[in-house]
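Engineer: predicted structure and sequence below. I'll ask about it afterward.
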Amino acid sequence: MAEKEGAGVSAQNRGSWSAFLKSIASFSGDLSSLTAPPFILSSTSLVEFSSYWAEHPSIFVAPAQEKDPKKRALLVLKWFLSTLKQQYASRSEKFGNEKKPLNPFLGELFLGKWVDEAGTTELVSEQVSHHPPVTAYNISNEKHGVYLQGYNAQKASFARTIYVKQIGHAVYSIPAFDETYLITLPNLHIEGLIFGSPFVELNDKTYITSSSGYTAKIDYSGKGWLSGKKNSFTATMYPTGKEKEVLYTVSGQWTKTFDITEGSGKKSGHIMSYDTEASPTTPLTIAPIEEQDPMESRRAWSKVAAGIAVGDMDLTGEEKTKIEVAQRELRQKERDEGRIWERRYFSLVETDKVLDELAPIIGLLPEPDKTGGIWRYDAEKAKKPHAQISLEPAGTTETAQKPVNSPEE
């Protein structure tokens with residue numbers, strides 16, 4: 001029996017859901033600026049999404065312990081695939097449907113660390129641009145010498161459903177092997193929208209290519225009208241430039257289980273299976289809100305989050321407006337003083353060796369005009385203390401605390 005429109009929405013919310021769908025269909029421009037109905041608003045900012053890259057630290061650092069470069073490249077592919085459920089399905093599983101995240105403000109930070117058998121893995125995430133919206137991140141595990149950095153922007157459009165093009169890339173590196181991997185980001189669309197139970201489905205393909213001479217291509221497919229399974233994919237790994245010489249095949253569902261086999265994967269050469277549901281995540285440790293810098297996400301949005309939690313949209317709107325007004329005042333002050341906002345952890349670069357060498361292999365176009373430039377983690381800048389900035393409009397200044405340097409503090 002076919003689902004009815006709005007079946008996943010409670011009776012009292014179906015009117016606002018239908019109105020929201022109509023506003024999407026008639027909207028021109030970036031959909032991220034649209035106001036969503038209260039019951040689909042998330043109290044989490046998009047700047048927090050960077051943490052999904054490393055919620056399994058042991059898998060994240062595993063390639064550094066493998067001496068064979070071919071097997072090392074396979075472990076990087078396995079790690080990437082293990083992140084997909086967290087990145088694109090964990091929210092709908094937690095809340096019953098995908099929710100619209102808060103749009104980060106310029107300079108917004110999310111700092112934390114994972115501590116487990118892999119040691120300490122640190123996260124720095126910063127909103128480096130507001131127009132266009134761009135989040136940059138750096139994740140590091142010094143014990144194992146594994147580093148990930150990258151940045152991304154999203155461009156949303158509507159054609160029967162919401163489509164999101166992700167612009168940007170990630171770079172995974174293991175300096176001990178003088179090895180880097182360039183990773184492209186999947187495009188996605190929202191399924192279940194008309195029924196009020198939205199969830200993410202990935203589409204098209206992504207690549208991981210390494211300085212050691214191996215490339216992986218991941219093809220995404222979802223459940224079609226007549227066949228197929230939700231969140232399906234097939235990945236092949238091959239010597240760079242020799243796509244038909246398949247070394248490994250990985251296939252399955254990125255939200256459930258997938259199998260890794262040697263060669264083309266036709267029944268023989270099974271290496272291992274990975275079960276996403278049997279792989280618990282390591283919780284991220286962040287500072288208590290009262291100890292956070294005013295620019296840190298959980299502290300900055302705490303009153304907005306409180307309003308969303310109790311369904312008080314008047315309070316939510318009032319607190320969001322305070323942040324927006326304070327941001328406008330900061331931008332005006334910068335214009336008056338002839339300066340620009342200083343990013344705390346990241347800097348723009350004119351050229352990048354990794355992109356120069358690896359991007360042409362997989363046809364990646366950096367599109368700096370759509371991301372405000374090419375962003376890289378700046379370790380020297382990160383060491384500098386920073387004066388705290390108030391996010392309250394003039395006349396309601398919040399008391400500043402001690403300067404914050406890094407997530408280990």
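Structural biologist: Arrived safely, thanks for sending. Model, not experiment: these values are computed from the prediction. Numbering: from 1, shown residues only.
Engineer: rest of the way, CA atoms for contacts and neighbours
Structural biologist: OK.
Engineer: what's the neighbour count on the residue lying closest to residue 313 once chain neighbours are set aside?
Structural biologist: Of all residues not flanking residue 313 in the chain, residue 307 sits nearest, at 6.4 Å (Cα to Cα, 6 or more residues apart in numbering). Neighbour count for residue 307, taken as other Cα atoms under 10 Å: 20.
Engineer: again with residue 301
Structural biologist: Residues contacting residue 301 under the criterion other Cα under 10 Å number 23.
Engineer: which residues touch it?
Structural biologist: Neighbouring residues of residue 301 by Cα atoms under 8 Å, 6 or more residues apart in numbering: 43, 320.
Engineer: tell me the confidence at it?
Structural biologist: At residue 301, the model reports a pLDDT of 96.
Engineer: can you check residue 57 too?
Structural biologist: Looking at residue 57, its pLDDT reads 98.
Engineer: contacting residues around the closest residue to it other than its chain neighbours?
Structural biologist: If you skip the residues right next to it in sequence, residue 57 has residue 118 as its closest partner in space, 6.1 Å away by Cα to Cα, 6+ apart. Residues near residue 118 by Cα under 8 Å, 6+ apart: 57-58, 61, 143-144.
Engineer: once you drop chain neighbours, what's closest to residue 186?
Structural biologist: Spatial nearest neighbour of residue 186, chain neighbours left out: residue 206 (5.7 Å); criterion: Cα to Cα, 6+ apart.
Engineer: my error: substitute residue 306 in the last question.
Structural biologist: residue 316 (7.7 Å).
Engineer: isn't there a helix covering the one you found?
Structural biologist: Yes. Judged by DSSP: H, G, I helix; E, B strand; the rest coil, residue 316 forms part of a helix.
Engineer: burial count for it?
Structural biologist: Going by other Cα under 10 Å, the residues that sit close to residue 316 add up to 21.
Engineer: which residues does it contact?
Structural biologist: Applying Cα under 8 Å, 6+ apart, the residues near residue 316 are 303-308.
Engineer: may I ask which of the residues you listed comes out lowest in pLDDT?
Structural biologist: For those, the pLDDT minimum is residue 308, 88.
Engineer: pull out the buried positions in the helix or strand that contains that residue.
Structural biologist: Assigned by DSSP states H and E, residue 308 belongs to helix 302-309. By 16 or more other Cα atoms under 10 Å, the buried positions in helix 302-309 come out as 303-305, 307-309.
Engineer: who does the nearest residue to residue 364 once chain neighbours are set aside bridge with?
Structural biologist: Distances taken as Cα to Cα, 6+ apart put residue 184 closest to residue 364, at 7.4 Å, once the chain neighbours are dropped. Using DSSP bridges, the bridge partners assigned to residue 184 are residue 169.
Engineer: residue 184 and residue 208 touch, don't they?
Structural biologist: Yes. In this structure residue 184 lies within contact range of residue 208 using Cα atoms under 8 Å: 6.6 Å.
Engineer: neighbours around the spatially closest residue to residue 81 that is not a sequence neighbour, how many?
Structural biologist: Take residue 81 and drop its neighbours on the chain: the residue closest to it by Cα to Cα, 6+ apart is residue 254, 6.6 Å away. The number of residues packed near residue 254 is 25, by other Cα under 10 Å.
Engineer: equivalent analysis for residue 273, please.
Structural biologist: 14.
Engineer: how about the strands in the stretch 201-350 of the chain?
Structural biologist: Along the stretch 201-350 of the chain, the segments classed as strands by DSSP state E, counting those that start in this stretch run 205-210, 214-221, 232-239, 248-253, 257-262, 270-275, 346-349.
Engineer: circling back to that earlier point, got JSON lines for the contacts of residue 118, with secondary structure, neighbour count and distance to residue 229 too?
Structural biologist: Shown next, in JSON lines, are the contacts of residue 118 (DSSP: H, G, I helix; E, B strand; the rest coil; neighbours: other Cα atoms under 10 Å; distance: Cα to Cα, whole Å):
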{"residue": "57", "secondary structure": "helix", "neighbour count": "21", "distance to residue 229": "28"}
{"residue": "58", "secondary structure": "helix", "neighbour count": "18", "distance to residue 229": "29"}
{"residue": "61", "secondary structure": "helix", "neighbour count": "26", "distance to residue 229": "30"}
{"residue": "143", "secondary structure": "coil", "neighbour count": "11", "distance to residue 229": "39"}
{"residue": "144", "secondary structure": "coil", "neighbour count": "20", "distance to residue 229": "37"}
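Engineer: out of the residues you listed, which comes closest to residue 163?
Structural biologist: Of all these, residue 163 sits closest to residue 57, with 30.4 Å by Cα to Cα.
Engineer: from what I see, that closest one and residue 280 are in contact.
Structural biologist: No. Contact criterion Cα under 8 Å: residue 57 and residue 280 do not qualify, at 10.7 Å.
Engineer: got a pLDDT number for the residue nearest to residue 364?
Structural biologist: 98.
Engineer: what number of residues lie near residue 231?
Structural biologist: Neighbours of residue 231 (other Cα under 10 Å): 22.
Engineer: scratch that, residue 352 is what I was asking about
Structural biologist: Using other Cα under 10 Å, residue 352 has 11 neighbouring residues.
Engineer: widest-spaced pair of the contacts of residue 316?
Structural biologist: 303 and 308 (8.8 Å).
Engineer: which stretches of the stretch 301-409 of the chain have low pLDDT?
Structural biologist: 387, 390, 394-409 (pLDDT under 70).
Engineer: helices of that one, residue ranges please.
Structural biologist: 302-309, 313-337, 353-362, 379-383 (DSSP state H, counting those that start in this stretch).
Engineer: of all those helices, which one comes closest to residue 371?
Structural biologist: helix 353-362 (14.9 Å).
Engineer: confidence score at the residue lying closest to residue 188 once chain neighbours are set aside?
Structural biologist: Excluding its sequence neighbours, the residue lying closest to residue 188 (Cα to Cα, 6+ apart) is residue 202, at 4.3 Å. Confidence at residue 202, expressed as pLDDT, is 94.
Engineer: re earlier: tell me the contacts of the residue nearest to residue 313?
Structural biologist: Residue 307 touches 313-316, counting by Cα under 8 Å, 6+ apart.
Engineer: go with 10 Å
Structural biologist: 43, 301, 313-320 (Cα atoms under 10 Å, 6 or more residues apart in numbering).
Engineer: again with residue 61
Structural biologist: Residue 61 touches 54, 75-76, 79, 118-119, 121, 140-147, 174, counting by Cα under 10 Å, 6+ apart.
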